[in-house]
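[1] fold the following.
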Amino acid sequence: MLVRRANTLLLICLLLVNGGGCAFQVDSPNKSFRIGSNSMAPTWIGPARQAVCEECGYRFLVDDATYSWEFPTRCRCCGGQCTVADRVIPGQTASIQAVASPREIQRLDAIVFKTEGETQSTVKRVWGLPGESIELRSGELWVGGHLFQKDMQQLKAICVNISHFPSDRVSHWEFKINSEPDGVVVPIERVAKSITPHDPVTQAIRISAGHAIRYSHRIPAPIGQYSKMQSSRILDDYEINQGSSVALHSIDDFLVNAQLKELPRDLTGLVRLHYRGFDYEMHLSSTIDFVPPQAKKISLDKHGALVLPPAREMAFATCDGRLLVSLAMERGRQDWIVELGGQTIAVDTRSKSREQLSPCPTAKLSATSPIEISVQRGQLIVTQLAVARDLWLGARHPRDDRWLAKEPIPSHHFWVLGDNLPISLDCRERWAGGIPFHQIHGRLLPPIR
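    As a prediction, the model looks like this:
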């Protein structure tokens with residue numbers, strides 16, 4: 001667990017003032033309004049200031065409520081110091097969709113409600129449903145003694161982006177001249193080339209036979225060190241929380257999404273993910289035929305590795321003790337959920353997945369470099385690479401690794417949390433019994449950009 005030093009007193013005072021929720025005035029359902037705080041960031045952004053890195057030019061938003069000029073604002077891409085604008089950008093515009101019955105509210109829905117005595121409404125995400133016993137353990141949600149395991153769509157709805165190529169000015173992806181463990185590694189910017197001579201802005205990563213790319217997670221190093229960036233495990237950090245003092249926890253659950261310029265016709269490749277001390281391999285082969293979406297079986301080679309056809313868009317995730325795979329094929333999207341062998345985490349035995357992916361005998365990756373894509377034959381031209389992490393669900397106190405609800409959630413009540421958990425006040429401290437349905441205005445629709 002790491003702790004970022006900053007203005008603790010300022011953060012506590014601001015949380016007490018605005019309640020740690022996305023506060024705003026709501027006249028009536030199905031009307032638009034502006035988000036009033038950043039407790040649901042990065043999905044919904046409240047009042048913020050524009051920050052620009054003085055070295056690489058990367059731009060991002062800083063929470064106006066927690067920002068303080070007394071503490072340096074750092075760039076997540078290169079570690080450089082940033083200039084923060086004085087002007088405050090208003091929060092995003094969002095809309096409410098009315099709900100007629102408690103049965104219409106599902107887990108992970110974002111709801112708008114107003115509790116008794118409050119003058120403004122609040123936005124939070126539903127994690128617990130009526131009648132359930134809720135526990136937060138090591139960053140995960142447990143319902144009735146069983147680990148809640150998200151599917152790919154649920155993970156995409158709540159995940160926090162930590163890297164994006166080519167948007168990031170300094171990428172954390174590295175190019176390996178050959179795919180062997182001792183291969184020469186260079187920054188991806190040196191090998192990124194234009195797809196067409198007429199479009200110099202659009203870039204791509206070309207992975208030829210015998211080469212690989214690897215994601216290496218880095219965070220800004222403490223000021224005064226020789227290097228501005230340092231290797232790190234993936235943490236539950238939020239770049240919008242500059243100026244706040246929060247405990248940082250390492251996160252094992254992550255998602256990588258790759259988009260290709262074209263579908264390779266003669267390809268043999270390998271995607272390797274590191275998860276809780278083990279490496280798991282997925283082979284990409286153009287010889288694999290399309291499998292109907294209703295097929296329950298997956299293809300494993302003789303070594304227990306997953307064999308998949310390449311697709312224009314491919315998403316791989318390690319989440320809640322399982323491997324999630326989603327491929328956007330020409331004839332439809334295919335999704336797989338596979339249990340990961342070698343894991344000590346207790347999972348729900350009622351899982352729909354009956355296949356188990358065996359870990360590699362030797363781990364070549366690490367928690368700081370958890371993703372590698374290599375090509376043995378053919379070529380991959382990658383136009384976009386996005387890495388995102390799961391949320392870390394836990395108590396607000398940095399030393400508490402477990403939170404347990406004293407009683408089951410009452411009937412017609414919903415247990416809620418903010419997406420930006422470090423600065424969110426929610427059912428962990430307030431509204432212990434959940435939010436009653438009669439106080440809920442409706443479901444929050446995606447923000448209007």
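[2] helix, strand or coil for residue 425?
    Under DSSP: H, G, I helix; E, B strand; the rest coil, residue 425 falls in the coil class.
[3] any stretches of the stretch 301-449 of the chain with poor pLDDT?
    301-305, 342-355, 397-400, 447-449 (pLDDT under 70).
[4] how about the strands of it, start to end?
    Applying DSSP state E, counting those that start in this stretch to the stretch 301-449 of the chain gives strands spanning 306-308, 313-319, 322-329, 332-340, 356-357, 371-377, 379-389, 402-404, 413-417, 435-436, 440-444.
[5] tell me the strands beside the third one, with direction?
    Which is strand 322-329. strand 313-319 (antiparallel), strand 332-340 (antiparallel) (DSSP bridges).
[6] coming back round to it: closest to residue 150 out of the strands of the stretch 301-449 of the chain?
    In terms of C-beta to C-beta, the element of the strands of the stretch 301-449 of the chain nearest to residue 150 is strand 313-319, at 5.6 Å. For glycine as for every other residue, the C-beta is placed from the backbone atoms N, C-alpha and C.
[7] now what about the closest one, what contacts it?
    149-150, 152, 155-156, 252-260, 271, 273, 275, 280, 282, 308, 323-328, 340, 390 (C-beta atoms under 8 Å, 6 or more residues apart in numbering).
[8] in ChimeraX, how would I select the buried members of the residues you listed?
    Buried members of these, defined by 16 or more other C-beta atoms under 10 Å, are picked up in ChimeraX with:
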select :149,150,152,155,156,252,253,254,255,256,257,258,259,260,271,273,275,280,282,308,323,324,325,326,327,340,390
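[9] hey, which of the strands paired with strand 322-329 is tucked in deepest?
    Mean neighbours per residue, mean count of other C-beta atoms under 10 Å, is largest over the strands paired with strand 322-329 for strand 313-319, with a mean of 23.
[10] that one vs strand 371-377, what angle?
    Taking axes from the mean of the first three to the mean of the last three C-alpha atoms, to 10 degrees, one finds that strand 313-319 is oriented at 140 degrees with respect to strand 371-377.
[11] CA atoms only: put strand 313-319 into CSV for me.
    C-alpha atoms of strand 313-319 as CSV (Å, rounded to 0.1, in the frame of the first residue of the first chain):
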residue,chain,number,x,y,z
GLU,A,313,-10.8,-5.5,-32.1
MET,A,314,-9.6,-7.7,-29.3
ALA,A,315,-10.1,-7.3,-25.6
PHE,A,316,-8.4,-9.4,-22.9
ALA,A,317,-8.9,-8.9,-19.1
THR,A,318,-7.9,-10.6,-15.9
CYS,A,319,-10.7,-10.0,-13.5
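[12] thought residue 80 was touching residue 57?
    No. Between residue 80 and residue 57 there is no contact under C-beta atoms under 8 Å: 9.4 Å.
[13] more neighbours: which of these two?
    More crowded of residue 80 and residue 57, by other C-beta atoms under 10 Å: residue 80, with 20 against 13.
[14] residues contacting the spatially closest residue to the more buried one that is not a sequence neighbour?
    Computed as C-beta to C-beta, 6 or more residues apart in numbering, the closest residue to residue 80 that is not its neighbour in sequence is residue 55, at 3.4 Å. Residue 55 is in contact with 75, 78, 80-81, counting by C-beta under 8 Å, 6+ apart.
[15] any weak-confidence spans in the stretch 1-150 of the chain?
    Filtered on pLDDT under 70, the stretch 1-150 of the chain yields the residue ranges 1-31.
[16] if we go to 80?
    1-33 (pLDDT under 80).
[17] quick one: closest of the strands of the stretch 301-449 of the chain to residue 203.
    Between residue 203 and these, the shortest separation by C-beta to C-beta is 7.7 Å, and it involves strand 379-389.
[18] give the buried residues for the closest one.
    380-389.
[19] got the strands paired with strand 322-329 as CSV, with distance to residue 394 columns?
    Shown next, in CSV, are the strands paired with strand 322-329 (distance: least, C-beta to C-beta, whole Å):
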stretch, distance to residue 394
strand 313-319, 17
strand 332-340, 22
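[20] those: which one's closest to residue 375?
    strand 313-319 (13.6 Å).
[21] related to what we said a few turns ago, what's the distance between the residue nearest to residue 80 and residue 239?
    16 Å (C-beta to C-beta, to the nearest Å).
[22] same question for residue 145.
    For residue 145, the distance to residue 239 - C-beta to C-beta - is 36 Å.
[23] out of those two, which sits in the more crowded spot?
    Neighbour count, other C-beta under 10 Å: between residue 145 and residue 239, residue 239 has more, with 22 against 9.
[24] list the contacts of that one.
    Contacts of residue 239 by C-beta under 8 Å, 6+ apart are 60, 62, 76.
[25] in strands only, show me those residues.
    60, 62 (DSSP state E).
[26] sorry, back to before: A strand includes the residue nearest to residue 80, no?
    No. Judged by three-state DSSP, residue 55 forms no part of a strand; its state is coil.
[27] quick one: residue 155 and residue 390 touch, right?
    Yes. Judged on C-beta under 8 Å, residue 155 makes contact with residue 390 at a distance of 6.4 Å.
[28] so what sits against both of the two?
    Listed as contacting both residue 155 and residue 390 by C-beta under 8 Å, 6+ apart are 253, 255, 319.
[29] still on that earlier bit, quick one: the buried residues of strand 379-389 as a markdown table, columns for distance to residue 136 too.
    Output for the buried residues of strand 379-389, formatted as a markdown table (distance: C-beta to C-beta, whole Å):
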| residue | distance to residue 136 |
| --- | --- |
| 380 | 39 |
| 381 | 42 |
| 382 | 36 |
| 383 | 38 |
| 384 | 33 |
| 385 | 31 |
| 386 | 27 |
| 387 | 24 |
| 388 | 21 |
| 389 | 17 |
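[30] now for those: which two are most distant?
    Among the buried residues of strand 379-389, 381 and 389 lie farthest apart (C-beta to C-beta), at 26.2 Å.
[31] give me the neighbour count for the residue lying closest to residue 263 once chain neighbours are set aside.
    Using C-beta to C-beta, 6+ apart and skipping residues adjacent in sequence, the residue nearest residue 263 is residue 312, 5.8 Å away. Neighbour count for residue 312, taken as other C-beta under 10 Å: 15.
[32] tell me which residues touch residue 312, please.
    With C-beta under 8 Å, 6+ apart, residue 312 has these contacts: 259-260, 262-263, 328, 330.
[33] try residue 409
    Residue 409 sits next to 128-134, 415, 433-434 when contact means C-beta under 8 Å, 6+ apart.
[34] who wins for neighbours among those residues?
    The most crowded member of those, judged by other C-beta under 10 Å, is residue 415 (27 neighbours).
[35] one step back: list just the nearest of the contacts of residue 312 to residue 207.
    Set against residue 207, the nearest of the contacts of residue 312 by C-beta to C-beta is residue 260 (10.3 Å).
[36] excluding its backbone neighbours, what's nearest the closest one?
    Nearest residue to residue 260, sequence neighbours excluded (C-beta to C-beta, 6+ apart): residue 312, at 5.3 Å.
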